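Enquirer: what's the 3D shape of this:
(one chain, ligands or ions: 4)
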Amino acid sequence: MDLIIKNGTVVTASDTVKADVGIRDGKIVAVGVDLAAEGAKVVDASGKLVLPGAIDAHTHLAMPFGGTTSADSYLAGTRAAACGGVTTVFDYPMQRKGMSIQQVIDSKKAICEQEACVDYAYHCIITDLNEGAILEEMAAAVESGISSFKCFFVYKKEGMMVDDGTFVQLMLKAKEVGAMINLHAENPDLIDYNIERFLAEGKTSAWYHYLSRPEYVEAEADKRAVHWAKHFQAPLYLVHMADEEGLEAAIEAKKDNSDIFIETCPQYLEFTCDVYKREDGRNFVCSPPMKAQQSQDALWKAIKNGGIDVVATDHCPFQSNEKDWGKDDFTKIPNGCAGVENLYPYMLSAANQGKISFNKAIELCSTNPAKIFGCANKGSIAVGKDADIVIYDPEIDFTISVDNMHSDYDHTIWEGIQLKGYPIQTYSRGRLVYDHGDFVGEAGWGKFIKREKANRG
Ligand code: URP
Ligand code: ZN
Ligand code: ZN
Ligand code: ZN
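Expert: Ligands and ions are numbered 1, 2, ... in the order given. Predicted coordinates for the structure are as follows:
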């Protein structure tokens, strides 16, 4: 063995045991009591938790959007990921009219090979079928390790929206080729109608971002998609769910054996729509917006009772000056917020304070995304898995600030949030990439994860 993490408490989605973890060539080769060191480097994890690295199944790195590009490059975003205990990021490269899936993925891979500090995978956004060519290409994409695709029901003026017919074609093809469709569900026509009305009435503050896409706007679209997933018995992954009514419909459908998976994000668990009344409300503008307390309560309830499968971030930060474009018109605010470095510490802090178990936090942030999206070597601490490991100190008090984050953005919605416990080390395939507050990894270390057809747990 090259490395042994000794005397820690190993926590997985199913177990909590005192054990040592032995690592060789980037893989976990032993988990057991009193492993012999035999010349391996020994890390003492007494009093610490030894956890699988998190998988952030939802990030937008260097994505052209909202009249600019999201603030974190692949380097900055994956550096921040490493420092937050995230050892795999899923990015959302975007296909545009005339482009093939292969072209999109190849161009992103060329960048990630140079820049990625942790492992990465792709869900490819489809915005146009290219007269059917995209449907023909999906089987090959699955063979190449891209087994999920994304559709937006919104962002019409950005040219990203697909109509219902396109969505259903993609959903059926995905079912046929062993892939899954991820969906951003909100109703675009209702949003446009509300925006037009508010602007005409001079209602332009960030609060009207929320009021133009409140609970019912998300719920209608959730229910529409859930209906099709049930009707066609096709897999569906609902990204960043934030509303109670849609959530309940999706959970109900899961009970009927539908292949439906539900993701929510830490920002919906922490903040309510009240943030849009703040002076800096524009910094919280993302879509879907944070909702009322009742929806947040429903999300936590579903986290606890197994209704929600994944917590991921939708990491898509913009700089303050870009958020300022919408000071006097909420429609000009680029949509998206930071999160990749906060996901695991936030959920683990919730566990540390007794809101959920550590096992549950790991299930939501690591084990489930690995299973749902076909990452066989990720998601747990077990012999044969990649040595993606976080050492977590439950005693640390940590206050989030832009100054102790490792991204390129200049502000964070998480400023001032206090956490109980924090990661002290992150290992990516056995290599130390984060150590007591510092990034110690390297650009280009991260590898593309060629995923299996999703076995979906
Ligand atoms: O506001 C958001 N969420 N921006 C990123 C794009 C998306 O909708 O996921
Ligand atoms: Zn979205
Ligand atoms: Zn039907
Ligand atoms: Zn997103």
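Enquirer: from now on I want contacts and neighbour counts done on CA atoms only, so please keep to that.
Expert: Fine.
Enquirer: helix/strand/coil for residue 171?
Expert: Secondary structure state of residue 171, per DSSP: H, G, I helix; E, B strand; the rest coil, is helix.
Enquirer: up against ligand 1, what does the chain have?
Expert: 286, 287, 314, 316, 335, 336 (CA under 6 Å from any ligand atom).
Enquirer: out of those residues, who has the most neighbours?
Expert: When neighbours are counted by other CA atoms under 10 Å, residue 314 leads the residues of the chain next to ligand 1 with 28 neighbours.
Enquirer: which phi and psi does that one have?
Expert: phi 60, psi 30 (degrees, to the nearest 10).
Enquirer: doesn't residue 339 make contact with it?
Expert: Yes - counting by CA atoms under 8 Å, residue 339 is a contact partner of residue 314 at 7.1 Å.
Enquirer: secondary structure element for residue 182?
Expert: strand 180-184 (DSSP states H and E).
Enquirer: tell me the buried residues in that strand?
Expert: Neighbour-count burial for strand 180-184 flags 180, 181, 182, 183, 184 (criterion: 16 or more other CA atoms under 10 Å).
Enquirer: the residues you listed into JSON lines, with extra columns for distance to residue 383 and pLDDT?
Expert: What follows is those, written out as JSON lines (distance: CA to CA, whole Å; pLDDT from 0 to 100):
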{"residue": "180", "distance to residue 383": "28", "pLDDT": "97"}
{"residue": "181", "distance to residue 383": "31", "pLDDT": "98"}
{"residue": "182", "distance to residue 383": "31", "pLDDT": "98"}
{"residue": "183", "distance to residue 383": "34", "pLDDT": "98"}
{"residue": "184", "distance to residue 383": "36", "pLDDT": "98"}
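Enquirer: can you tell me which two in those residues are farthest apart?
Expert: Farthest-apart pair in the buried residues of strand 180-184 is 180 and 184; separation 13.4 Å (CA to CA).
Enquirer: ranges for the helices of the chain?
Expert: Ranges of helices within the chain are 74-83, 101-115, 133-143, 164-177, 188-200, 207-212, 215-231, 244-255, 266-270, 293-305, 320-323, 343-352, 358-362, 368-372, based on DSSP state H.
Enquirer: from the contact counts, what lies against the fifth one?
Expert: When contacts are defined as 3 or more CA pairs under 8 Å, 6 or more residues apart in numbering; DSSP states H and E, helix 188-200 sits against helix 207-212.
Enquirer: repeat for the first one
Expert: Packing partners of helix 74-83 (3+ CA pairs under 8 Å, 6+ apart): strand 86-91, helix 101-115, strand 418-428, strand 431-435, strand 438-439.
Enquirer: quick one: low-confidence parts of the protein?
Expert: Residues of the chain that meet the criterion pLDDT under 70 lie in 454-457.
Enquirer: residue 19 bridge partners, please.
Expert: Beta bridges link residue 19 to residue 8 when assigned by DSSP bridges.
Enquirer: need the contact list for it.
Expert: When contacts are counted by CA atoms under 8 Å, 6 or more residues apart in numbering, residue 19 touches 6, 7, 8, 9, 10, 31, 32, 33, 34.
Enquirer: filter those residues down to the buried ones.
Expert: 6, 7, 8, 9, 10, 31.
Enquirer: out of the residues you listed, which comes closest to residue 231?
Expert: residue 10 (41.9 Å).
Enquirer: so what's the residue count around the nearest residue to the closest one once chain neighbours are set aside?
Expert: Leaving aside its sequence neighbours, residue 10 sits nearest to residue 50 (CA to CA, 6 or more residues apart in numbering; 4.6 Å). Neighbours of residue 50 under the rule other CA under 10 Å: 31.
Enquirer: residue 50 touches residue 390, doesn't it?
Expert: Yes - counting by CA under 8 Å, residue 50 does reach residue 390; the two are 5.9 Å apart.
Enquirer: enumerate every residue touching the residue of the stretch 1-150 of the chain found nearest ligand 1.
Expert: The stretch 1-150 of the chain approaches ligand 1 most closely through residue 60 (6.6 Å), counting by CA to the nearest ligand atom. Contacts for residue 60 (CA under 8 Å, 6+ apart) come out as 70, 91, 92, 93, 314, 315, 316.
Enquirer: if you rank those residues by neighbours, which is first?
Expert: residue 314 (28 neighbours).
Enquirer: the domain parsing of the protein - what is it?
Expert: 3-51+379-394+420-439, 53-372 (automatic domain parsing).
Enquirer: residue contacts, the nearest residue in space to residue 267 that is not next to it in sequence?
Expert: Among residues not flanking residue 267 along the chain, residue 290 sits closest, at 7.3 Å (CA to CA, 6+ apart). Residues in contact with residue 290 (CA under 8 Å, 6+ apart) are 210, 242, 267, 268, 271, 272, 273.
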